[in-house]
Structure formats: C-alpha cells, structure tokens
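[1] Okay, sequence plus prediction incoming.
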Amino acid sequence: ARVAAFLTRAQASGEIRQQEEASMLPALALRPIESHHFVLDLCSAPGSKTLQLLDAMSCNRPSADASSGLLVANDAEWGRCARTARRAASVPLVVTLADASSFPALTMVAPTGAARQMRFDRVLCDVPCGGDGTLRKSPAKMASWSPASALANHPLQVAILVRGLTLLAPGGRLVYSTCSLNPVEDEAVVTAALAHCRRS
C-alpha cells in the first residue's frame with residue numbers, strides 16, 4: 001500500500017510518468033540513435049519520450065565520447081520544461097522554452113571559431129492534438145470531443161512539422177506523431193507539410 005501511495009504521489013507531481021507501449025513507438029521509430037547525434041524533441045513534455053531518447057543516446061556511450069552528441073528538449077510551457085530538466089539531469093541535454101512552430105535556428109561554434117547553423121540528425125514532432133486515440137483509456141473525453149478540435153489543431157501541427165523538416169539534417173530522420181486517430185491531425189498534416197516543402 002505504501003508503494004502504491006508513493007507511485008500515485010510521484011505520478012501526480014510529474015516526477016515519474018507511466019508510458020504505455022504506443023507512447024514509446026515514436027522514439028523507437030527514430031532508431032538508430034547514436035551518442036554523436038544531434039537530436040531535437042520539439043514538443044517534449046511531459047518528458048517520457050525525452051528520457052527514452054536520452055537512454056538511446058547514452059546506451060554504450062564510451063566515456064571519451066561523453067560530449068559528442070546533444071539532445072534539445074523543447075516545450076512551450078515553462079513548468080513542463082522545468083520538470084523535464086529535473087527528471088533528466090544529463091550532460092547531453094539542453095531544455096528550451098519556445099514555440100515549436102517557430103523554434104529558433106541554433107548556431108554551433110567550432111573550437112576554431114567557425115560558426116554554422118545546427119541541423120539535427122533526428123527530430124521528433126510529437127505534436128499537441130485532440131487526443132481521440134486515448135478514448136479507450138479515458139472514455140470520459142468522448143463527451144467533450146468534437147471535430148472542431150482537430151480543425152483548430154491542424155494549422156499548428158503543420159507549422160511544427162514544417163519547422164522540424166527545416167531543422168532536419170540531410171539524411172536525417174524525422175518522426176511526426178500524435179495520440180489522435182483523426183486523419184485531419186495525421187495524414188492531412190503530413191500531406192500539407194510535404195506540399196509546403198515542395199513549394200519552398
């Protein structure tokens with residue numbers, strides 16, 4: 001009973017997070033993730049996928065290779081960023097607070113002083129969504145669900161995906177994911193983003 005109470009308190013405070021198999025798939029789809037990769041998690045809260053990505057980067061990391069890669073975990077809400085930083089105090093992690101749809105270009109400066117815009121080997125766009133894919137575990141959400149939420153989310157989702165594609169390094173890998181089953185938030189977003197990139 002004490003363990004159950006502890007887990008309940010830790011879950012409520014955000015110190016631990018349960019993650020079911022379906023939630024683990026987006027980070028797994030970015031594999032292989034190597035310790036030298038530059039990885040961007042554009043919508044990182046609550047941080048479960050961020051921790052998964054850190055684990056993948058740290059797996060078999062030689063001690064001499066300790067600073068060769070970097071994971072940037074971004075979110076638009078300060079409290080969630082702070083919780084992610086507390087949960088994942090790790091050297092190759094930088095937590096940023098920014099609107100994912102207009103995430104700023106980051107500059108890397110080499111020891112020689114040469115500067116270049118950072119491009120990411122792996123980008124995760126696990127975007128805000130209507131969440132209708134979670135109805136099986138949260139049936140009460142059905143009462144407040146409407147097609148309007150998907151339509152309202154669509155422009156932001158497209159903007160985040162386009163920004164992620166812009167920041168992706170040539171030959172890199174990007175995963176777009178939602179917890180929605182609605183094609184307006186899934187296939188239509190990917191189609192719109194690809195059309196935008198073709199025009200650019």
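    Looks like it arrived, so ask away.
[2] gap between residue 169 and residue 102?
    Separation of residue 169 from residue 102 (C-beta to C-beta, to the nearest Å): 20 Å. Bear in mind the C-beta positions are built from the backbone N, C-alpha and C, glycine included.
[3] Apologies, that question was intended for residue 182.
    Note on residue 182: its distance to residue 102, by C-beta to C-beta, is 24 Å.
[4] If you count surrounding residues, which of those two has more?
    residue 182 (22 against 9; other C-beta atoms under 10 Å).
[5] I'd guess the more buried one is in a strand, am I close?
    No - according to DSSP: H, G, I helix; E, B strand; the rest coil, residue 182 belongs to no strand; its state is coil.
[6] list the contacts for residue 197?
    Residues near residue 197 by C-beta atoms under 8 Å, 6 or more residues apart in numbering: 162, 165.
[7] Report pLDDT for it.
    Looking at residue 197, its pLDDT is 92.
[8] Where does it sit, in terms of helix or strand?
    Using DSSP states H and E, residue 197 falls within helix 187-199.
[9] and residue 135, how many residues sit next to it?
    Close neighbours of residue 135, defined as other C-beta under 10 Å, add up to 14.
[10] list the helices and strands the helix or strand of the chain at the bottom of the mean pLDDT ranking packs on?
    Using mean pLDDT, DSSP states H and E, helix 78-87 stands out as the lowest-scoring helix or strand of the chain, at a mean of 75. The contact analysis (3 or more C-beta pairs under 8 Å, 6 or more residues apart in numbering; DSSP states H and E) places helix 78-87 against strand 70-75, strand 93-97.
[11] Pull the distance from that helix to the chain's centre.
    Between the centre of helix 78-87 and the centre of its chain there are 14 Å (C-alpha atoms, centre = their mean, to the nearest Å).
[12] List the buried residues of that helix.
    By neighbour count on 16 or more other C-beta atoms under 10 Å, the buried set for helix 78-87 is 80-81, 83-85, 87.
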